[in-house]
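Enquirer: Pasting the sequence and the predicted coordinates here, then a few questions.
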Amino acid sequence: MTHSKALDHSDAPGSASSQLIQGCLYCTGQCNALLTLLSEQSYVQCSPGSSSIGAHVRHILDRYLCFFAGIPGGIVDYDARARDKSIETNLAAAQFAVVSVSRRIEGQELLTSLNKSIRVREAVYLRGASVEVDSSVERELMGLISHSIHHLAIIALVAKSFGYQLDQDFGKAPSTILFERGAD
């Protein structure tokens, strides 16, 4: 089922929920577009002072996977990341994982979970236990977008250091893009 068909049944295009889903898809779309440009070597190579592009892509996907794993039980645990090395070190595995996450973003499970209250758990300080707070599916989608953009910006720096030319908006926050276009 595509997102546009699902929206006809549960959410109006342009609504906050629709924009959040589109924002997530924009981020995974940037990952997918980048992965089609990269060589296997560039994907796993570390630039000086930074992690590999693969490590950043894997980290972005880990957050989405924790989110989806937590929705059914109402508790998202961002510390329960799989940290799957195959996604970090294998370009084809990463491409498959990005497409899989994108499909879940478009899927009915997420659409039926919108407006749901959830709990979120994560370590936020190295000398304390994980913190658990109230949240919502929409708030977490917003957080996933911001988190993804942050890592996409780092990925852009690494990719450019390897000589790749990226779209001028790659890794930029939507508010920055709008500001630069004079629409803010």
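Expert: Sure thing, it's come through. Note that the coordinates shown come from a computational prediction; the quantities given were computed from them, not determined experimentally. Residues are numbered from 1 along each chain as shown.
Enquirer: Could you double-check that residue 57 sits in contact with residue 96?
Expert: No: if you go by CB atoms under 8 Å, residue 57 and residue 96 don't touch, sitting 11.8 Å apart. (Each C-beta comes from the backbone N, C-alpha and C, glycine too.)
Enquirer: the more surrounded of these two?
Expert: Taking neighbours as other CB atoms under 10 Å, residue 57 and residue 96 compare with residue 57 leading, 27 against 14.
Enquirer: Would you mind naming the helix or strand containing the residue nearest to the more buried one when sequence neighbours are not counted?
Expert: Spatial nearest neighbour of residue 57, chain neighbours left out: residue 94 (5.4 Å); criterion: CB to CB, 6 or more residues apart in numbering. Residue 94 belongs to helix 91-106 when assigned by DSSP states H and E.
Enquirer: After that helix, which helix or strand is next? Please name it.
Expert: With DSSP H and E, the next secondary element past helix 91-106 is helix 108-113.
Enquirer: How far away from the center of its chain is that following helix?
Expert: Chain-centre distance of helix 108-113: 17 Å, with CA atoms, centre = their mean, to the nearest Å.
Enquirer: again with stretch 50-65
Expert: 9 Å.
Enquirer: in the chain, which helix has the most residues?
Expert: In the chain, taking DSSP state H as the definition, the longest helix is helix 137-161.
Enquirer: and it, what other elements does it pack with?
Expert: Here helix 137-161 touches helix 16-37, helix 53-70, strand 117-122, going by 3 or more CB pairs under 8 Å, 6 or more residues apart in numbering; DSSP states H and E.
Enquirer: ok, residues contacting the longest one?
Expert: Put plainly, it is helix 16-37. With contact meaning CB atoms under 8 Å, 6 or more residues apart in numbering, helix 16-37 is reached by 3, 7, 11-12, 43, 53, 57, 60-61, 64, 91, 94-95, 98-99, 101-102, 105-106, 110-111, 114-115, 138, 141-142, 144-145, 148-149, 152, 155, 159, 164, 166-167, 170-171, 174.
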